[in-house]
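Novice: Just a sequence and a predicted model for now, questions to come.
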Amino acid sequence: MANDTIPTLLYGDRKLAAGLSVGGCLIISIATCLQKAAHLKSDVGHLAFLRSHLWWSGTVLLFVGETASFCAYAFSTVAFLTPIPAISIVVSTMLLLFFKMDYLHWTHALGMAAAVSGVCLVVVFAPSFDHQLITGEYIVSRFLSWDVIVYLILEVQALCILLYIYHKKIFQHYAVILLLVAILGSVTAFCTRGVMALILLSAMGDMQLTHSMFYILLICLFASVFFQADFLQQAAEMFGPCRLVAGSYISITVSSVLAGEVFYHEFNSSSILHILLFILGCLLCFSGVLLVTWERRKAQELLPFTTSGAIQGVCPPLDVLQMAEVQQVT
């Protein structure tokens, strides 16, 4: 396939990217609810749920959903995909209400409406394609540019300071962990975008998998996901998972969108109006997630949580906060 046909196929399919991301979120929501049901029905014992068909069905669906969300990054930008996992929290809440595992509160209805409206604005007005073809050489050139170098220096310094504060227990607050997760989430976002773009480009005939940058991004991706999961697990044990849902979603979304702009200049061709409407959509998503989780934080009820965007985004691909709450249930 000729190289001049690659950009349209790579970056022009807004519907395919949105479909993969939203579909992944829906599947993940169903999967986490199945896993919760399996844990609630299982006998006393931490490993009793492994004998449940519900739990294994949820695990398979979780893998499928995360794979779909991951593949969406081959077709669109970080800014376009990162806010979409708000849909997962909305669907999870609806499923809990449908199966009478939770009660309806006015904040739930208002939050779900705000989150859905915000995602619609993001899908319509976010930049859906990069105007520069993402190749291994292009990524190398971006890493050598002054803006990315300054960004990486500041991010590494912030990460080191936060790690020192966290391990020395100078200031024990969940905001410290949220900032750590946000920094790692930004790494996950731009690495996922680069890895998937290189894979798709290779599948179209322009081989990029032999480029060293592909493997560097892949290693950084797995490392950032692992440490995100570890920090979220520790935070869930200390502060409770429900308290972290909205905070982690908001912090990771903001840091990922910023990273996408710094590394790939995703908003270069966007008008001021489109940028403002995109920001409005993100604010609606943030307020919606806050409202949906507000009452549940008080009761410490389980809210299945995803990061598809993360590989959301956004958030690590494993539902760390949900599994932490499940351990409390069992």
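Specialist: Great, that's in hand.
Novice: helices or strands up against the lengthiest helix in the chain?
Specialist: Secondary structure of the chain per DSSP state H: the longest helix is helix 174-203. In this structure, helix 174-203 packs against helix 6-11, helix 53-72, helix 78-81, helix 146-168, helix 212-239, helix 242-264, with contacts taken as 3 or more Cβ pairs under 8 Å, 6 or more residues apart in numbering; DSSP states H and E. Every C-beta, even on glycine, is put in place using the N, C-alpha and C of the backbone.
Novice: so the fifth one versus helix 53-72, what angle?
Specialist: Read it as helix 212-239. Per axes from the mean of the first three to the mean of the last three Cα atoms, to 10 degrees, the angle that helix 212-239 makes with helix 53-72 is 140 degrees.
Novice: again with the last one
Specialist: Direction vectors for helix 242-264 and helix 53-72, defined by the same axes, to 10 degrees, enclose an angle of 20 degrees.
Novice: Pull out the buried positions in the longest helix of the chain.
Specialist: The neighbour-count check on helix 174-203 (16 or more other Cβ atoms under 10 Å) flags 174, 176-202 as buried.
Novice: Looking at the helices and strands packed on helix 174-203, which is nearest to residue 27?
Specialist: Nearest to residue 27 among the helices and strands packed on helix 174-203 is helix 53-72; the distance by Cβ to Cβ comes to 3.4 Å.
Novice: Off-centre distance for that closest one?
Specialist: Centroid separation for helix 53-72 versus its chain: 15 Å, with Cα atoms, centre = their mean, to the nearest Å.
Novice: got the CA coordinates for that helix in CSV?
Specialist: Provided in CSV are the C-alpha atoms of helix 53-72 (Å, rounded to 0.1, in the frame of the first residue of the first chain):
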residue,chain,number,x,y,z
HIS,A,53,-18.1,-19.2,35.8
LEU,A,54,-19.2,-15.6,36.3
TRP,A,55,-15.8,-14.5,37.5
TRP,A,56,-14.0,-16.2,34.5
SER,A,57,-16.6,-14.7,32.1
GLY,A,58,-15.9,-11.3,33.6
THR,A,59,-12.1,-11.8,33.2
VAL,A,60,-12.4,-12.7,29.6
LEU,A,61,-14.7,-9.8,28.9
LEU,A,62,-12.3,-7.5,30.8
PHE,A,63,-9.4,-8.6,28.5
VAL,A,64,-11.6,-8.0,25.4
GLY,A,65,-12.7,-4.6,26.5
GLU,A,66,-9.2,-3.5,27.4
THR,A,67,-7.9,-4.7,24.1
ALA,A,68,-10.5,-2.7,22.2
SER,A,69,-9.7,0.4,24.2
PHE,A,70,-6.0,-0.2,23.5
CYS,A,71,-6.5,-0.6,19.8
ALA,A,72,-8.5,2.6,19.6
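Novice: and that helix, what does it pack onto?
Specialist: Using 3+ Cβ pairs under 8 Å, 6+ apart: helix 53-72 touches helix 14-41, helix 174-203.
Novice: and residue 141, how many neighbours?
Specialist: 12 (other Cβ atoms under 10 Å).
Novice: That one sits in which helix or strand?
Specialist: Residue 141 is part of helix 136-143, with elements assigned from DSSP states H and E.
Novice: In that helix, which residues are buried?
Specialist: For helix 136-143, by 16+ other Cβ under 10 Å, it's 136, 138, 139, 142.
Novice: now stretch 133-146: mean pLDDT?
Specialist: The average pLDDT within stretch 133-146 is 91.
Novice: whoops, stretch 224-244 was the one
Specialist: The model assigns stretch 224-244 a mean pLDDT of 79.
Novice: same thing with stretch 34-48?
Specialist: Stretch 34-48 shows a mean pLDDT of 67.
Novice: Please renumber the chain so that the first residue is 46 from this point on.
Specialist: Shifting the count to begin at 46 puts that one at stretch 79-93.
Novice: element containing residue 149?
Specialist: Assigned by DSSP H and E, residue 149 belongs to neither a helix nor a strand.
Novice: just the one 10 residues further on next, same as before
Specialist: Element membership for residue 159 (DSSP H and E) is helix 151-170.
Novice: any idea how far residue 143 is from residue 62?
Specialist: Noted for residue 62: a distance of 28 Å to residue 143, by Cβ to Cβ, to the nearest Å.
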